[in-house]
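Asker: I would like to see how this sequence folds:
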Amino acid sequence: MLWSHDKELTINVTKTEILHITSPNVFKTGKVKILTHEIECLHVQNPQNWSRCDCQKYTKQVKFFKYLGVYIDENINWNKHIDILCKKVSLCAMKLNNLKWVTPTNIMLQIYYGLIVSILNYGIAVWAQASATQIQRVQRLQNKCLRAVCWKNKK
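Answerer: Numbering: from 1, shown residues only. This next block holds a predicted model:
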């Protein structure tokens, strides 16, 4: 806490979250705790009295967070990101299935590239390192969307 005070940095405890990134094979010994004090406390009290201070707050520890549209979890296995990605693509697949009866193939292809491919390509350099099972989930949904786009029994 003194370091951030000396550098004139303040931590907003209500907005700050801790993500403890570890290997799934490593046993976690407990929560990571960062104790903060309000700026007035640091200027008024001396460091020996900080343990009795009533302005102390701990930062919240989370299992995942969203950074630039990509969900990062504590084991960096991309499960949370792919779950959310699959929900988005599944919703788009349902819309494509409804449109396949009344929309020409060239328009369906534009909708596919506009909705589904843009969702899948965002952050792919990061989440493409996910497990084969997770990638298969995404591939199945993509195939489902392409089947709706290439529907042959149109008017």
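
Asker: C-alpha from now on. contacts and neighbour counts both.
Answerer: Fine.

Asker: OK, contacts around the residue nearest to residue 21 when sequence neighbours are not counted?
Answerer: Here the nearest residue to residue 21 in space, its sequence neighbours aside, is residue 74; by CA to CA, 6 or more residues apart in numbering that works out to 4.5 Å. Residues near residue 74 by CA atoms under 8 Å, 6 or more residues apart in numbering: 19-22, 63-64.

Asker: before we move on, what about residue 89?
Answerer: 116, 119, 141-142.

Asker: tell me which residues in the helix or strand hosting it are buried?
Answerer: Using DSSP states H and E, residue 89 sits in helix 79-99. Neighbour-count burial for helix 79-99, counted by 16 or more other CA atoms under 10 Å, picks out 79-82, 85-86, 89-90, 92-93, 96-97, 99.

Asker: Would you format the residues you listed as a markdown table with distance to residue 68 and pLDDT included?
Answerer: Output for the buried residues of helix 79-99, formatted as a markdown table (distance: CA to CA, whole Å; pLDDT from 0 to 100):
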| residue | distance to residue 68 | pLDDT |
| --- | --- | --- |
| 79 | 17 | 90 |
| 80 | 14 | 92 |
| 81 | 12 | 93 |
| 82 | 15 | 94 |
| 85 | 14 | 94 |
| 86 | 18 | 95 |
| 89 | 19 | 95 |
| 90 | 22 | 95 |
| 92 | 22 | 93 |
| 93 | 24 | 93 |
| 96 | 27 | 92 |
| 97 | 30 | 92 |
| 99 | 31 | 91 |
